[in-house]
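J.: build me a model:
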Amino acid sequence: MLKLRGIHGSFLARPSKKNVGDFSLSVRVGEMVTHIRIQNTGDYYDLYGGEKFATLSELVDYYTAENGILQDKDGITIELKYPFNCSDPTTERWYHGHLSGPNAEKLLVARDEPDTFLVRESLSKPGDFVLSVLTNERSKTGTKRVSHIKIMCQNDRYTVGGSEMFDSLTDLVEHYKRIGIEEMSGNWVFFKQPYYSTRVNAADIDSRVKQLDQTTQKMQDGEGQKSKAGFWEEFDALQKLEAKVKKSREEGQRPENKSKNRYKNILPFNDTRVVLQNSDPDVVGSDYINANYMSNTLWESANQKVYIATQGCLATTINDFWQMVWQENTRVIVMTTREVEKGRNKCVPYWPDIKSSEEVGQYVVSCNSETVAADYKVRVLVMAPLKHCRTIWHYQYMSWPDHGVPQEPGGVLSFLTQVNTKQAEHPDAGPMIIHCSAGIGRTGTIVVIDMILETIDTLGLDCDIDISKYIQMVREQRSGMVQTEAQYKFIYLAVSEYIQTTKAKNFAWPTKGLSDQNTPDVENHSAAFSLSVHRNKEDVYENLSKAKKDQKKQKSDKKSGSVRKR
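T.: You can find the predicted model right below:
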């Protein structure tokens with residue numbers, strides 16, 4: 001798996017076949033895989049003489065953080081960068097995966113609803129699990145006590161001790177939800193309300209989408225109308241969290257800048273706003289534009305992609321917009337709205353007609369060409385001050401409906417592929433500028449999708465993703481990003497479509513007869529389906545949704561190769 005689907009620095013830990021209780025740490029180093037033995041003495045974990053740790057997770061975290069240097073027998077440094085995650089043992093939303101006991105307690109205590117529960121991996125004994133339940137009793141600190149009940153996995157069956165064995169975690173949880181569990185102290189623990197996780201293994205996102213859809217459908221059909229359900233439940237929780245974000249928007253509130261805001265209450269945060277350079281220091285507000293820098297702070301890489309999210313231009317802000325394009329060295333602009341929708345002005349055309357030019361402040365912008373595809377237009381613009389000129393590619397997505405979201409994500413994914421291909425052709429280019437009308441709804445949806453797909457491209461199909469956390473993260477950089485439940489669901493659908501298409505291409509890749517010598521380089525293999533690379537760089541291609549649907553029908557039900565817990 002590491003050779004076929006990992007990259008340099010990918011790693012996984014697995015039970016040792018030679019010594020029961022020990023583990024092996026397998027790491028992709030270049031095109032080869034190195035195996036390191038991890039000793040479990042019963043008291044601690046170590047690398048046969050290295051630092052000692054209470055849990056396997058702590059050992060891995062220590063070396064991942066570069067506190068210790070790993071080397072093989074030839075002295076080659078071994079880097080632990082990207083965990084190659086195993087498939088979740090269940091698709092139930094109460095399963096939280098790699099969550100520590102203290103963090104589980106924080107979640108449950110904050111919920112403050114007795115009998116709420118979640119299930120997580122055991123960090124002290126990999127392969128086992130823990131049922132964490134908020135009780136009505138008081139702890140020593142005065143908060144409600146959280147009970148942690150160990151679930152052991154023995155021969156692919158699950159038990160909390162005694163003679164009762166279950167074929168799945170779901171069967172075990174449903175059984176004890178009915179009768180409760182007696183602790184060693186004699187106290188009985190009852191649990192009813194699940195604490196749902198928004199984290200999901202990327203390879204399993206299709207199952208999560210189906211779960212959320214089924215729950216939503218039950219609600220629409222009249223079942224469980226009093227309770228939150230499905231996508232709405234997750235999005236509603238997000239909305240409540242945003243109210244807690246208190247950041248200054250003082251610059252946008254200045255009287256001098258009010259006319260520069262398309263909507264008076266949609267303003268940029270001060271700490272991430274784009275500041276216009278070469279402005280007149282004697283003119284208050286001359287450095288202001290309603291725009292924010294955006295980056296993926298959940299996962300940082302050497303070549304961190306930066307975006308600028310902004311509103312659609314007003315007649316009074318066109319010059320400021322082009323000043324921002326020039327100072328940021330932007331080469332790709334993404335527009336996700338039409339100029340007018342249902343009679344409402346969404347964005348003033350800030351580009352000239354084909355084969356014509358316009359002066360915008362101290363610059364001249366010309367439109368050399370316009371290409372029309374099924375879902376979008378591409379304009380090639382040339383921007384010049386007095387002596388130097390730059391080519392700017394303007395991508396306008398035309399198929400986003402007036403209300404709601406596109407019926408399927410294939411067109412948006414194809415569009416993003418072209419956008420990223422063009423951006424990749426200019427490695428020295430500045431941030432991609434993305435806007436709709438307000439610069440938060442469609443813009444936020446596009447930014448979050450692109451961030452998540454870039455993470456999957458780099459870390460692989462088995463990485464963990466949390467769409468809710470991604471939205472929280474971008475909302476800390478520009479308020480209101482991703483405006484509706486429909487947009488929230490669309491992000492899920494887009495990621496799911498991308499995963500299924502990528503899986504189909506992976507399964508089509510020839511794997512029989514591969515040896516260490518002829519294993520294909522994974523980076524080259526990934527490029528065949530990466531959003532950031534496309535062979536036909538100069539072509540504008542049509543919506544690929546039909547082809548992707550055909551691939552969906554033909555794809556195998558078999559899951560992509562991943563490490564199973566034993």
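
J.: when you work out contacts or count neighbours from here on, use the C-alpha atoms and nothing else.
T.: Fine.

J.: next structured bit after the helix or strand containing Lys210?
T.: Lys210 is part of helix 205-220 when elements are defined by DSSP states H and E. Downstream of helix 205-220, the next assigned helix or strand under DSSP H and E is helix 230-242.

J.: only alpha carbons, please: show the helix or strand that comes right after that next one as PDB.
T.: Moving toward the C-terminus from helix 230-242, the next helix or strand (DSSP H and E) is helix 250-253. Output of helix 250-253 as PDB, limited to C-alpha atoms (Å, rounded to 0.1, in the frame of the first residue of the first chain):
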ATOM      1  CA  GLU A 250     -13.300  48.400  12.100                       C
ATOM      2  CA  GLU A 251     -11.800  49.400   8.700                       C
ATOM      3  CA  GLY A 252     -14.900  48.300   6.800                       C
ATOM      4  CA  GLN A 253     -17.100  50.200   9.300                       C
END
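
J.: helices or strands up against the helix or strand that helix 250-253 is followed by?
T.: The helix or strand immediately downstream of helix 250-253 is strand 273-275, counting by DSSP H and E. Using 3 or more C-alpha pairs under 8 Å, 6 or more residues apart in numbering; DSSP states H and E, the elements in contact with strand 273-275 are strand 288-295.

J.: go again with 10 Å.
T.: Secondary-structure packing of strand 273-275 (3 or more C-alpha pairs under 10 Å, 6 or more residues apart in numbering; DSSP states H and E): strand 288-295, strand 306-310, helix 318-327.

J.: ok, and what's touching the second one?
T.: Identification of contacts with strand 306-310 by C-alpha atoms under 10 Å, 6 or more residues apart in numbering yields 267-268, 272-274, 289-296, 321, 324-325, 328, 330, 333-334, 430-440, 443-444, 447, 451, 477-478, 481.

J.: between the helix or strand containing Thr502 and helix 230-242, how big is the angle?
T.: Here Thr502, judged by DSSP H and E, is contained in helix 485-508. On the basis of axes from the mean of the first three to the mean of the last three C-alpha atoms, to 10 degrees, helix 485-508 is oriented at 120 degrees to helix 230-242.

J.: pLDDT averaged over helix 485-508 - what is it?
T.: Averaged across helix 485-508, pLDDT comes to 88.

J.: what comes up buried for it?
T.: Going by neighbour count (16 or more other C-alpha atoms under 10 Å), the buried part of helix 485-508 is 485-506.

J.: cool, stretch 281-291 as well?
T.: By neighbour count on 16+ other C-alpha under 10 Å, the buried set for stretch 281-291 is Gly285, Ser286, Asp287, Tyr288, Ile289, Asn290, Ala291.

J.: mean confidence (pLDDT) on stretch 409-418, please.
T.: Per-residue scores along stretch 409-418 average to 97.

J.: just for this structure, where's the confidence low?
T.: For the chain, the stretches flagged by pLDDT under 70 are 1, 4-6, 65-69, 85-86, 215-229, 302, 386, 506-566.

J.: how near is the residue nearest to Gln193 when sequence neighbours are not counted to Thr90?
T.: The shortest distance from Gln193 to any non-neighbouring residue, by C-alpha to C-alpha, 6 or more residues apart in numbering, is to Thr116 (4.6 Å). Computed as C-alpha to C-alpha, to the nearest Å, the Thr116 to Thr90 distance reads 19 Å.

J.: looking at these two, which is more packed in?
T.: Thr116 (21 against 13; other C-alpha atoms under 10 Å).

J.: and that one, what is it in contact with?
T.: Applying C-alpha under 10 Å, 6+ apart to Thr116 gives the contacts 108-109, 132-135, 146, 190-196.

J.: out of the residues you listed, list just those in strands.
T.: Residues of the contacts of Thr116 located in strands (DSSP state E): Ser132, Val133, Leu134, Thr135, Val146, Gln193, Pro194.

J.: alright, calling it a day.
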